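>>> I would like the atomic coordinates for the input below:
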Amino acid sequence: MNELTNKFWPAVKYLFIPYLFLLFLFFYPIPYEVTAPGGLTEVENLVEIQNPNAPTITGSFSTTYVISIPRMTFFQFIIANFSAYVDVNKLTGPNVHYTNNEIIQIAYCDKTTSIQAAIIVAYEHAKAINDDVNFELDERVLVYGKAQDLSNYEQVGLCDDFVSMAGDQGLVEDFSTIGQNTTAGNTYEFTFRNQEGTLYTVELLKHADTNRFGLTLNRVYFVNTETILPTYREVPSLVGGPSGGLLQSLHIYAQLLDHDITHGLKIAGTGTIAYDGSVGYIGGVKQKVITAYYNKVDVFFIPFLDPNYAYDNYLEAVRVCEELGIEHEDWLIPVKTFQDAVDYLNTRGE
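Numbering: from 1, shown residues only. Got it, this is the predicted structure:
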């Protein structure tokens, strides 16, 4: 047998190694992600405002999405580096240990909370000028992150609701007091509610060396669907992430007025939206500018945080336009707040 092996192994080896190389090249994931130009999604395809008195909208509001591939293959890495329209970046933060499915879960959680923030901002502004608009808020605390050292990691669902914890001094329902009601080195029972509405409990360890659980909880607000007027309906979609918040809020706001603020324009843009109406930073600026330009958008809103920042979305977008020969004057519109965008659209109607 050894003689047979010695005779055929050199031939088998040289046949086998190329196949291993091809498997590595096309299928082995590496810790890099690629961001490429995507497309536009009209916000009316994401959120429907059921207002019989809504004005006739002659234009449109669209969010701009990019195509993102986490843990690309080595072959994709090589190809991506030949394109001026594509960015390749090493995975950082929790994305290093998150599975692709967990990254997608966070993106959809971001989208859900972003739409809620957009509704809150739009209804709050419309309520000031339309007596028929009304809403109340429900406070929730969601699981927004899990560290690698979180005990019983698989039992805690991303985007599930934190309900309570059995602490040193009794039941804790305010997540901000967890630290003062727990002791490093001890295990505590946490109660969560999953996205189907079912309660479940998990024992989590507060690590003695780090004095933390490895759990990230965020306070968010959802509109109370029983009190909101006019009512609304979210439409399921495959687009995730929070960067459509500004355009979502503008579309919703437009449906609550008695006049058309689009003036027949094809309006797109990007930017997160906070509860106070401020517009926040986003990624993939180059790809979103390219996407909007080639989709013949009339107005493109983009966050403009502070000209003194070392990095700013608007300033980067201007550089991209200059590199690609895109005329950005009166097309690329910098905004810091929701009201900035509304004021700009009002000037287009004068």
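
>>> partner residues bridging residue 217?
residue 143 (DSSP bridges).

>>> what strand or helix carries the nearest residue to residue 291 once chain neighbours are set aside?
Distances taken as C-beta to C-beta, 6 or more residues apart in numbering put residue 37 closest to residue 291, at 4.7 Å, once the chain neighbours are dropped. C-beta here means a position set from N, CA and C on the backbone, and glycine is covered the same way. Element membership for residue 37 (DSSP states H and E) is strand 32-42.

>>> buried stuff in stretch 186-206?
188, 190-192, 202, 204-206 (16 or more other C-beta atoms under 10 Å).

>>> now secondary structure and distance to residue 180 too, for the residues you listed, in CSV please.
Listed next are the buried residues of stretch 186-206 as CSV, based on DSSP: H, G, I helix; E, B strand; the rest coil; distance: C-beta to C-beta, whole Å:
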residue, secondary structure, distance to residue 180
188, strand, 13
190, strand, 16
191, strand, 19
192, strand, 21
202, strand, 21
204, strand, 16
205, strand, 18
206, coil, 12
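
>>> for those, which one is nearest residue 175?
Ranked by distance to residue 175 (C-beta to C-beta), the buried residues of stretch 186-206 are led by residue 190 at 9.9 Å.

>>> surely residue 279 and residue 303 touch.
Yes. Contact criterion C-beta atoms under 8 Å: residue 279 and residue 303 qualify, at 4.8 Å.

>>> what do the two both touch?
Common neighbours of residue 279 and residue 303 (criterion: C-beta atoms under 8 Å, 6 or more residues apart in numbering): 246, 271-272, 335-336.

>>> so which of these is the closest to residue 323?
Of the shared contacts of residue 279 and residue 303, the one sitting nearest to residue 323 (C-beta to C-beta) turns out to be residue 271, at 21.4 Å.

>>> quick one: that closest one from residue 34, how far?
22 Å (C-beta to C-beta, to the nearest Å).

>>> who has more neighbours out of these two?
Neighbours per residue (other C-beta atoms under 10 Å) separate residue 271 from residue 34, with residue 271 holding more: 31 against 22.

>>> these two touch, right, that one and residue 300?
No. Judged on C-beta under 8 Å, residue 271 makes no contact with residue 300 at a distance of 10.6 Å.

>>> quick one, which of residue 279 and residue 303 is more surrounded?
residue 279 (28 against 24).

>>> parallel or antiparallel, list what pairs with the host helix or strand of that one.
Under the criterion of DSSP H and E, residue 279 resides in strand 279-280. Applying DSSP bridges, strand 279-280 is found paired with strand 272-273 (antiparallel).

>>> residue boundaries of the helices in this protein?
2-27, 74-80, 100-127, 245-254, 285-294, 313-324, 338-348 (DSSP state H).

>>> so can I have TSV of the ones you listed showing mean neighbour count?
Compiled in TSV, the helices of the chain are given as follows (neighbours: other C-beta atoms under 10 Å):
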stretch	mean neighbour count
helix 2-27	10
helix 74-80	16
helix 100-127	20
helix 245-254	27
helix 285-294	24
helix 313-324	18
helix 338-348	17
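
>>> dump these to TSV, plus distance to residue 221.
Converted to TSV, the helices of the chain look like this (distance: least, C-beta to C-beta, whole Å):
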stretch	distance to residue 221
helix 2-27	43
helix 74-80	38
helix 100-127	6
helix 245-254	13
helix 285-294	27
helix 313-324	25
helix 338-348	16
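
>>> which of those sits closest to residue 155?
Closest among the helices of the chain, using C-beta to C-beta: helix 100-127, at 13.8 Å.

>>> the closest residue to residue 29 other than its chain neighbours - how many residues pack around it?
Among residues not flanking residue 29 along the chain, residue 71 sits closest, at 3.8 Å (C-beta to C-beta, 6+ apart). By other C-beta under 10 Å, the residues close to residue 71 number 19.

>>> what's near enough to touch residue 71?
29-33, 91, 100.

>>> quick one, phi/psi of it?
phi 50, psi 60 (degrees, to the nearest 10).

>>> from residue 77, how far off is it?
10 Å.

>>> what do these two both touch?
Common neighbours of residue 71 and residue 77 (C-beta under 8 Å, 6+ apart) are 30, 32.

>>> let me know the pLDDT of the closest residue to residue 253 other than its chain neighbours.
Leaving out its chain neighbours, the residue that sits closest to residue 253 by C-beta to C-beta, 6+ apart is residue 122, at 3.9 Å. Looking at residue 122, its pLDDT stands at 97.

>>> circling back: residues contacting the residue nearest to residue 291?
So residue 37 contacts 66-67, 85-86, 287-288, 290-291, 294 (C-beta under 8 Å, 6+ apart).
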